[in-house]
Every structure is written in structure tokens, then in C-alpha cells.
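> show me the folded form of this:
(chains A and B, ligands or ions: 2)
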Amino acid sequence: MSEALQVGANPEVVKKHLAHHFDTMQQQFDAGKLGMWLFLTTEVLLFSGLFCAYSVYRALHPQIFQFAGEYLDPVSGLINTLILLTSGFTMALGVRFAHTGNRKGLSVCLILTMLGGFGFLGIHGYEYFTKYQERLLWGTNYHPLLGPDHQKLLPPAGLLAPLARPTPVEVSPWHHLKLLKREGFNVAHSSIVPAPVGPAGVVAKMKRESAPGPYSQPNNVQIFFGAYFLMTGLHSVHVIIGIILMIWLLARNLRGEFGPSYFAPVEFVGLYWGIVDMVWMFLFPLLYLAH
Amino acid sequence: MTAVDMPGKPKLNYLNCDKSIKSWLLTLDHKRIGVMYLIATLTAFFIGGMLAEVIRTQLLVPKGLIFHATKHMSSFAAYKHYNQVFTLHGIIMVFMVLIPIIVAGLGNIVIPLLLGAKDVAFPRLNLMSFYLYVGGAIMAIVSTIAGAVDTGWTFYTPFSIQTETYVCFMVGGIFLIGFSSIFTGINFIVTIHKMRPPGMTWFRMPLFLWGIYATSIIQVAATPVVGVTLLLLILERTMHIGFFNSALGGSPVLFQDFFWFYSHPAVYIMILPAMAIISEIVPTFSRKHIFGYEFIAFSSLAIALIGFLVWGHHMFVNGQSAELDTIFSLLTFLVAVPSAVKVFNWLATMYKGAIKLDTPMLYALSFIILFTVGGLTGVVLGCIAEDVVLHDTYFVVGHFHYVMFGGTMIAFIGGLHYWWPKFTGKMYNETMGRITCVLLFIGVNVTFFPMLMVGAEGMPRRYASYLPQYQPYMIVSTIGAYIQLVAFLMMAGYLLHSLFRGKKAPDNPWGGATLEWTTASPPSHYNFDDTPLVIEDCYDYSNVKYDESIGGYVRTDVPATTEPAPVHA
Ligand code: HEM
Ligand SMILES: [Cu+2]
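Numbering: from 1, shown residues only, chains lettered A, B, ... in the order given. Ligands and ions are numbered 1, 2, ... in the order given. The predicted model follows:
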């Protein structure tokens, strides 16, 4: 891409955008690009900490992921994946337009990418909302109410009246199990030992367990929802930042600042958006296809 | 800069070209940002040091001299204050002093000078790093006033989830400081990659830059992980997310893994720049070419890489499996090898050199001795069988103080003395410098050697009271701490004195052959008045000769720069 950066071609641009401590626009651009890549590396590493935690828990308690993965809707996840892929494409196109000096094209692309971001956040927000309604939340906030779309995981219809239950007052991860018992329903005993409770981490040597029976809930399902909210939440924050950056780019583009000899900010935001896309490409299968 | 040099007025430099407060607070000049970092980190060092004196005074008597049970206070409540004091001491010294002080403080000042560049690659990001640091420090102060943390600097769960002190604020502050560190790292990596003058190849770079380069890689690669760990800890406390809480199915050991995955590399963030300073001082004061340039350069990278693979040595007795213990132990031994390579190279550099025992060189020698003790005790701890006994005893405290204080801090002080004439333009009192160095060296050993001994006898760390049999060691150690205090007060005295009354420094007082000594002391706003010549070999001293008339050294192959600087428009 750097051939497009006709070094010093436009003295106006050079005067306006070349910082005093660089010799050429090319040097400045290369420095910026390397810096941006390094920054993106740290972003990936930030997520990779969470991916590590995910892998550790998944390896130790596969049954949790098998069980809880059923509660996520792969269709909305897939739609979101497609949205992000498309927006990744429009962003790349925008960068191309910036290189060739097509300002109108750049503006259209930025707006489309932004719309993709909003669409993604909308669908995701709706998902969060349903999870909240069903109290499929993290840590101590996990005491599910089991909405109608989880029938396949439930005991035969009629035994539980979904959503009609008063909000439980007791805060305990095992509340759900107690609830079932109180209703006079016996949790089917699976032959599989429940997930170990207590300190685990990479050090513990636990037996790997296979999936639980249809009606039983493994212990500590809240771990999955903790991971889900944390990882997608952090990702959504990045999407929001991306949208803000698009608005900033759009404003600058409308003022006519970008052209064939100055497009570094567009290029860098494009790289950022690419990483945001990429992280989602990992999150989607890990979370939505966990079962 | 619009001002013009007036005849008879002092030459314009980066310090006096604009004196307003605003020009300092909003400066984009790397030298000024470096000076602000130095002021900030040294202030933090002063506070951390005072806390250390409190700790040592407390431990003068077995029941505790300062915090102990009284009519109004149970011993439990009293000792909690002791916990808060050593926690703050640790947090301040690690996150606010040792990590930024060399890289962001001295590094900011000298990296572009060593490169012959006008500034770092991203001056605005540089200023932002500084304010992130300040913001983090302010959050830490707020948390301390609201309810000082008592978890130890390691924030181990589950206690850090349960304690009622203001962990969130403190951790949030460290999170910000972490980002400051990441941005500094990015900035310096790019600077070293892209701002080298034509002709300065990787292997013609001064070794200081290699050390900073390796350090920056660790900063960029390790800090995000501690960032996410601290974020999780905050969420743990505020939203009970349960990742590190066994009551919710999480794993406290996972916290330790995460924490040390950063914090072990972080100790190399502290020591690599220290070694980098030593690699500059030793050849300059031995008047001899550095021995084994490539070995020193690559051992920095080796330390940076292996340093990522040894974090498990902090958890030998915390439930880690025997297989992992063994692997981590082996890798821990391995990391000592590149450290030793450097020590041998410095010794070989000095061998048959014309050694001048000026203050920076005395600090370099102190560093080599103290770091060797620290490194060897580290190897002792890396041996599983020994660590089972020594873990969480004063031996560990002795080990890391030898490397962090005897290593990083002593090297920093050496570097400060080495570059002091360059960035302040003033010479300090050499005799006072030497006396202080010797005093400090004695103080460090008197303080920390008894810790190794008392630890080997079984005294646990982080206790406010102890068995009477340990008292003799504790008293000696406290005396050492007071000796250090005296040394630091002396140092503050003569350094401040030099700022106001010091002799004007020549451009090259020590006879260094790196680029920073070819520009004025202090440098002008743009560092170099002309694009600097690239020196073929920055450790070749044959063309650097002492000149009686200016009291400093001059290069016989490069035109002198003592003429008035040309005017910048
Ligand atoms: C030669 C290389 C080194 C080796 C083999 C080594 C080994 C070790 C080991 C095995 C421990 C764990 C002891 C325990 O908790 O039972 C330890 C602790 C520690 N080391 Fe080192 N170390 C080395 C260099 C350094 C350096 C250069 C620094 C810092 C500049 C450092 C700072 C620390 C700190 C702060 C701790 C204690 C952390 C805590 O528990 O609070 N070490 N070291
Ligand atoms: Cu370590």
C-alpha cells in the first residue's frame, strides 16, 4: 500500500501532516503502522487472557459448557458473524477508496460499516436482554427462570411455569436446583459425577466427564455465563470504540482531509476493525457452538 | 522556538527555551517528559522508602514497635495496619517506581539522544503515557486514603475479594499505570525500529537500546494479561463473576497463574534496563571496547523470551502438579544463563581496562556484586526442594531485594549519575558521590543479607511480630535501612546542590563514545544542531581524548559542537 503514498507529492499535505521529528511522510506512515500493529497485538493478548481462562475451565468442566451452550442462540450469533464480516468488507473497501482518493466512496463505506456495528450491537443487546430476563447471568446472579425456548432442557411441560415465578431472593448458584426440588420434581440422577466444586485451575487433575443427562444441571453453570458476558462484553466495548472512531473519520473525511497522500488514520482504524472482527470469529464458535 | 540567542546570554537548551509551567505540563519534548517522569517516580520512591523505614522500625522488637496491641486496639487490628504498610510499600515500589523509573524516566531522556533522533516516534502518546501514570497514581492515593489495601502487592484471591479495603481503586490505578507502560513500550519499539539514523544498523546500536528494546517487548506482551487479570479482580469484587472464587466454581490458582504470567516477566522489565545501563557504563569507564557485543544483545532477548516461561516457580507449593514444578524449575535455571552471560561479559570488558572509579562506575561495580548475590539466591529458590522450605520466608524477601534494590535501583542511580551532567548540564560533587555510593553499598548488604539468613532459619515473611530468637538479625537489618536512609539524604543533598551551584558540565565529561555525548549539555530543544554523524563503533574509545581546556572529552574525528547553536525558526 505504501506505493500509494506518493512521498512528498503534495507539499500542502506534507506541511500540514508531517511531524517535525520525522524526515519523510513514508517514515511517519511506517512508524504509525508499526505502532498500530503493536497496539493490536496487545488487544489480542488482552483477549487471549480470557481465552486461556475459557480453555482452562472448558478442559476441567466440559459438562458445564455442553449444558450451558444450549442456552445461546446460534442463529443470532451467526447473523452477527455475517454482519461483522460484511462490515469488515466495507471497511476494507473504504480504505481502498481512501488510497484512491474517492471521498464519496469512503464516506459511504464508513456509514455502512457503522451501520453494521450498530446492527451487531442491537442483536447482541437483545440477546443480553433475554439472558437477563431468564436470569442466565454470571456468578451469584445466576438463578435461571428458564424461558419457553429452553423446553428441550426441561422436565415435561407443565411442571414449571416459566417466568411466572417470583424473583428468587436467595442468592446461590444452586438455587435453581433447589427450586426444582421444592416443586416436587426429582432431578434425574445421572450416572456422571458432578463437576468438582472448589479450587481447580490448571493444576488440578480431574477426571474428564461427558455430557449430563437431559434434566440434570451440572454444578457451576454460572462459570459459562461469566465467560460469555465477559468476553462478549469486552468485545462489544471494542465495537463501540470502533463506531466512535468511524464517526471521527467520517467528520474528517467530510472536511476533505484524506486523499492519496494522506490516509494513515483510515488505514489504522481499518486494521483495528479487522482485529475486532477477528476476535469475534473466535468468540462465535467458542461460545455459541460450545455444545 | 522563536527566541534568538543573545550574546552574553546563556545558550538556549531544552530547559530554558520556555520556562512557563504550561510549556512543561503540555510538552511533547521527550527530555522534558523524561524529567517529569523522574520527578514523579522519585517522589513515589521517597514515599515507598519512608514506608520501608516504618516496616523496619516496626520489626525492631518481636512484638512490633509501632503497631502492637494496646488498651484501645487488639493486636489483630494493630497488625492490620502493618499489612497495609508493607502492601503499599510493595505496590509503590514495584508498579510506580521500578517499572517506570529507568525505561520511562531515564529512557525517555536518552533514547532519542542515543539514536541521534529528534524525538520518540509518538510524542503525544508519550505525554499520554505520563498522564496515565499520574492518573493511576492519583487513584492509588485515593484508595489509600479511603482504606489502604492490605493484600500484599500480589493481590492473591480469595483474600483480595473478601477484604474490605479499597482494592478496586488500587487495582484500577495499577491498570492505568499498566496501560502507561504498554504505550511507552510501543513507543520505544517503534522509535528503535524506525528512527535509527541511516548507517546505524541493529548491531551498531548502543547496548542500552537493545536492553530497552527487549524490555519494551515484554511490556507490550505481558502487561495486557495483568490488565485483564486486574479487570477480572475488579469484576470479582463488584459483580461476583466468580472466575477466581472457589465458592462460585472459580479457581484462585488461576489468579496466581495470571498474575505471575505478568509479574515474572515484569521483574525482567525491571532488570533488563538496569543491565542495559551497566552495559554503557562499564566500557566507558574501562576505556575499553565492550566485550561480546552480540552476546549481550542477544542475551537480553533470550531473557525476555525465557522470562515468559518460568512463572510457575512462584507456585511450587501452591498445588501445582509435580510435572509442572519440574518443568518450571528447569526453565528457571535456564533463565539464569543469559544473566550470567552478561555478568561475564562485563567482567571481561573490565579485564585489562584502564578503569576509572568515578561514581557511575562504582555503582556499576556495586550492581554486578549485588545482582550476582540476587541472581544466585534466585537459583536457590528455583530448586524445588529448597523452595519448599524457603517459600514465603524472609529468604525470598532477601532475594528480591538484592535483585530489585541491589540490581535495578542501584543501576538506576548509576545511570542517573552517568547522564546527570548531560540532561541537567551540571556536575555534582564527585567526592560526595563516591562516599555515598560506598555507604549505600554497605547499607544494602547490612539490610538484606540478614534477611537471607533469618529466612533460612525459617522466619516467615509478611508478619508484624516474630519469635525472639530472630531479633538480632532484625536489628542489624533495621540498622542497614537507616544507613540507606542517610545515604539517600546525602545523595538528594549533593544532587540538588549541583542543580543550583554545580559546575557547568562539559559536553562529554566521562569520555563516552555514544551519540548523546556529541551534543551539548544540556541538549537543545531539537537534541542535535546538525544531523549527527553516525559513529562506526560506539564502543571505540581511541578517538575520544581528554581535553584539559574544557575539562571534558572530545572526539578527534567529529567536529566539536561547543560553538553557539544555530537559530531554529
Ligand atoms: C537469576 C534469575 C532469577 C531467578 C532464578 C529467580 C527465581 C525466583 C524464584 C524461584 C522465586 C520464588 C520464590 C518463592 O516465592 O518461593 C522468586 C521470587 C521473586 N523474584 Fe526472582 N529470580 C531471578 C531474578 C529476579 C529478578 C531480576 C527480579 C527483579 C528485579 C526478581 C524478583 C523477584 C520477586 C519480586 C520475587 C518475589 C515475589 C513475591 O512472592 O512477592 N527475581 N525468584
Ligand atoms: Cu519469578
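> now do residue 188, the pLDDT please.
All of this is about chain A. Residue A:188 is assigned a pLDDT of 39 by the prediction.
> not what I meant, chain B
For residue B:188, pLDDT reads 96.
> is it in a helix, a strand, or coil?
helix (DSSP: H, G, I helix; E, B strand; the rest coil).
> what parts of the stretch 1-150 of chain B come near chain A?
Counting by CB under 8 Å from any CB of the partner chain, the positions of the stretch 1-150 of chain B adjacent to chain A are B:117, B:118, B:119, B:120, B:121, B:122, B:123, B:125. (Each C-beta comes from the backbone N, C-alpha and C, glycine too.)
> excluding sequence neighbours, find me the nearest residue to residue B:235.
residue B:241 (4.6 Å; CB to CB, 6 or more residues apart in numbering or on different chains).
> would you say that neighbour is within a strand?
No. Residue B:241: not assigned to a strand; according to three-state DSSP it is coil.
> re earlier: return the subset of the residues of the stretch 1-150 of chain B next to chain A lying in helices.
B:123, B:125 (DSSP state H).
> let me have the residues of the stretch 1-150 of chain B next to chain A in TSV, extended by pLDDT, neighbour count and distance to ligand 1.
Formatted as TSV, these follow (pLDDT from 0 to 100; neighbours: other CB atoms under 10 Å in any protein chain shown; distance: CB to the nearest ligand atom, whole Å):
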residue	pLDDT	neighbour count	distance to ligand 1
B:117	89	26	29
B:118	88	20	33
B:119	91	24	29
B:120	93	27	25
B:121	93	28	27
B:122	94	22	28
B:123	94	20	29
B:125	95	18	26
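> just to revisit the earlier point, the residue nearest to residue B:235 against residue A:223, yeah?
No. If you go by CB atoms under 8 Å, residue B:241 and residue A:223 don't touch, sitting 9.1 Å apart.
> can you count the residues close to the residue nearest to residue B:235?
The local packing of residue B:241 (other CB atoms under 10 Å in any protein chain shown) involves 27 other residues.
> list the contacts for it?
Contacts for residue B:241 were tallied using CB atoms under 8 Å, 6 or more residues apart in numbering or on different chains; they are A:138, A:139, A:226, A:229, A:230, B:232, B:235, B:248.
> so for the fifth one, what's the pLDDT?
What that stands for is residue A:230. Residue A:230 is given a pLDDT of 90.
> and the helix or strand it falls within, does that touch chain B?
In this assignment (DSSP states H and E), residue A:230 forms part of helix A:222-254. Yes. On the criterion CB under 8 Å from any CB, helix A:222-254 is in touch with chain B at A:222, A:223, A:226, A:229, A:230.
> chain B versus residue A:218, what's the distance?
To chain B, residue A:218 is 10 Å away according to CB to the nearest CB, to the nearest Å.
> sorry, back to before: can you tell me which of the residues of helix A:222-254 next to chain B has the most neighbours?
residue A:223 (32 neighbours).
> from what I can see that one touches residue A:64, true?
Yes. With contacts defined as CB under 8 Å, residue A:223 counts as touching residue A:64 at a distance of 5.8 Å.
> so is the longest helix seen in chain B next to ligand 1?
In chain B, taking DSSP H as the definition, the longest helix is helix B:252-286. Yes. Legend: contact between helix B:252-286 and ligand 1 by CB under 6 Å from any ligand atom is shown at B:267, B:270, B:271.
> now for that helix, which elements pack on it?
helix A:25-60, helix B:99-100, helix B:207-239, helix B:293-306, helix B:322-350, helix B:359-382, helix B:394-403, helix B:410-424 (3 or more CB pairs under 8 Å, 6 or more residues apart in numbering or on different chains; DSSP states H and E).
> tabulate those (TSV), appending mean pLDDT, mean neighbour count and distance to ligand 1.
Output for these, formatted as TSV (pLDDT from 0 to 100; neighbours: other CB atoms under 10 Å in any protein chain shown; distance: least, CB to the nearest ligand atom, whole Å):
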stretch	mean pLDDT	mean neighbour count	distance to ligand 1
helix A:25-60	90	19	20
helix B:99-100	95	26	10
helix B:207-239	93	24	12
helix B:293-306	92	20	9
helix B:322-350	94	17	4
helix B:359-382	96	22	3
helix B:394-403	97	24	3
helix B:410-424	96	25	10
